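*Asks:* Mind folding the following:
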Amino acid sequence: MTTSRNRPAPSDLAVHWALDPSIVFLNHGSFGACPRAVLEQQSRLRKQMELEPVRFLTQELQPLLDESRTGLARLLNTDPENLAFVPNATTGVNAILRSLEFQAGDEILTTNQDYNACRNALKAAAERVGARVVIANVPFPLHDEAQVIDAVLSCASERTRLALIDHVTSPTAVLYPIARIVRALEERGIDALVDGAHAPGMLAVDLDALRPAYYTGNCHKWLCAPKGAGFLYVRPDRQERIQPTTISHGYNTARPGRNALHTRFDWIGTIDPTAWLCVGSAIDWCSTLLPGGLSELMNRNRALAIEARRILCESLGIDPPCPEEMLGSMATIPLSPWFQTLPFGPDGADPLQTRLFDEYAIEVTVARWGNPAQRCLRISAQAYNTAAQYTYLAAALRDLAD
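*Replies:* Numbers count the residues shown, from 1 in each chain. The predicted model follows:
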């Protein structure tokens, strides 16, 4: 029987993270994990801020913001003028939805594999004016990219004013063919808001080539920045009407040399901005962890996620639910029928996830998804993980099913 006493060690690279070594942490995708070096940089910045808060926030902050944003823009291949910092991708989605003017009868398009928080933002925006959220049903399991494209375009209509499309889906961990979807929607006169929560640091993102109307992403996940670091990209021809979720001085106070996006978003009231200021440092750190830079890190993580899925599918007798070409550094598999019989607890927690943690010291995402709902397992692969950890997870699942 597998027990937490014979759990495998993480990789040698785990020393760079502050993660509890007694936990088999297979859930980087939920909230990320910030390396020690980046946390130390954030602590230094916080100390600098508290030595003289007025000077820091009124004089020193803007150059530091610009420096960090320039590093992010270089990674995403776009002009820094097109980027604003936000706390997270959900905030970016809300900023766009609250800035646009919808009317009764308008349609906002998304997919059944979107993120629940963002679906709620769509519903709230639609309900305010009598618009309608249209759900494109993308199958899962699925066989190829064409199924995603066909599902989205089949639901686009003359009434569609905006489409919220994931770059990497959260519940199913699937890479969508985002460039093809954005272009096809554009041909129909529909703006795309891309939810790229998982994309930066998982795969190469080229915003100047993609050129959606809007793109938002997290830096605290696969770029390993501190929590509270996200960004919003707004194409230049859409910037004038976009406001942050918190309206502040930038609403009526022009800033010399600053475009509307930076004027409105760079100051939204007094906050701790150090997570934003660490984005450039986090990118630099990720780029030096392995000899081949960030590209090698992304390739390593993707290869490990594919190997992890193979281990689990073979061990549990499950068919892979999507092609390897549609995977990044996460993978989701529907679990076998025995696991579907477990009830949820009274607080909504999944009992399988709880048992994996309590009995085997495994942190991994287990959730019900789909229609009809089925219990799925989503794994993540980061530099601190090893293939042996997924073998251990597979053995734990077999133990529980016996």
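*Asks:* Please make it C-alpha for all contacts and neighbour counts, starting now.
*Replies:* OK.
*Asks:* So what's the residue count around L61?
*Replies:* 17 (other Cα atoms under 10 Å).
*Asks:* Next one: it from L312, what distance?
*Replies:* Using Cα to Cα, to the nearest Å, L61 is found at 47 Å from L312.
*Asks:* again with I306
*Replies:* Distance, I306 to L312, using Cα to Cα: 10 Å.
*Asks:* Next: T274.
*Replies:* Distance from T274 to L312, by Cα to Cα: 39 Å.
*Asks:* same check, this time on E363
*Replies:* Relative to L312, E363 is positioned 15 Å away (Cα to Cα).
*Asks:* The longest helix along the chain: which residues count as buried?
*Replies:* Longest helix in the chain, counting residues (DSSP state H): helix 293-316. Under the neighbour-count criterion of 16 or more other Cα atoms under 10 Å, helix 293-316 has 294-313, 316 buried.
*Asks:* average pLDDT across the helix or strand hosting G92?
*Replies:* If you go by DSSP states H and E, G92 is part of helix 89-99. Taken as a whole, helix 89-99 has an average pLDDT of 98.
*Asks:* Sheet partners, orientation included, of the next helix or strand after it?
*Replies:* Using DSSP H and E, the helix or strand that follows helix 89-99 towards the C-terminus is strand 107-111. For strand 107-111, sheet partners with direction are given as strand 132-136 (parallel), strand 160-166 (parallel), following DSSP bridges.
*Asks:* out of those strands, nearest to R241?
*Replies:* R241 lies closest to strand 160-166 among the strands paired with strand 107-111, at 14.9 Å (Cα to Cα).
*Asks:* what's the next helix or strand after the closest one packed up against?
*Replies:* Moving toward the C-terminus from strand 160-166, the next helix or strand (DSSP H and E) is helix 178-187. When contacts are defined as 3 or more Cα pairs under 8 Å, 6 or more residues apart in numbering; DSSP states H and E, helix 178-187 sits against helix 145-154, strand 191-196.
*Asks:* care to break the chain down by domain?
*Replies:* 4-26+292-401, 52-286 (automatic domain parsing).
*Asks:* Show me what the host helix or strand of P63 packs onto, helices and strands only.
*Replies:* Using DSSP H and E, P63 maps to helix 61-76. Applying 3+ Cα pairs under 8 Å, 6+ apart, one finds that helix 61-76 makes contact with strand 83-86, helix 274-277, helix 279-288.
*Asks:* Redo these as JSON lines? Include mean neighbour count, distance to P8 and mean pLDDT.
*Replies:* Shown next, in JSON lines, are the helices and strands packed on helix 61-76 (neighbours: other Cα atoms under 10 Å; distance: least, Cα to Cα, whole Å; pLDDT from 0 to 100):
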{"stretch": "strand 83-86", "mean neighbour count": "26", "distance to P8": "37", "mean pLDDT": "98"}
{"stretch": "helix 274-277", "mean neighbour count": "25", "distance to P8": "32", "mean pLDDT": "98"}
{"stretch": "helix 279-288", "mean neighbour count": "22", "distance to P8": "24", "mean pLDDT": "97"}
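*Asks:* follow-up on the earlier one: which one of the helices and strands packed on helix 178-187 lies closest to T169?
*Replies:* Closest approach to T169 among the helices and strands packed on helix 178-187 (Cα to Cα): strand 191-196, 8.6 Å.
*Asks:* ok and that closest one relative to helix 89-99, angle-wise?
*Replies:* Counting by axes from the mean of the first three to the mean of the last three Cα atoms, to 10 degrees, strand 191-196 points 160 degrees away from the direction of helix 89-99.
*Asks:* Going by mean pLDDT, which of the domains of the chain comes out lowest?
*Replies:* domain 4-26+292-401 has the lowest average pLDDT among those, namely a mean of 93.
*Asks:* Off-centre distance for it?
*Replies:* Chain-centre distance of domain 4-26+292-401: 17 Å, with Cα atoms, centre = their mean, to the nearest Å.
*Asks:* Where does T216 fall, secondary structure wise?
*Replies:* For T216, the element it lies in under DSSP H and E is strand 214-218.
*Asks:* That strand: partners in the sheet, and parallel or antiparallel?
*Replies:* If you go by DSSP bridges, strand 214-218 pairs up with strand 191-196 (parallel), strand 230-234 (antiparallel).
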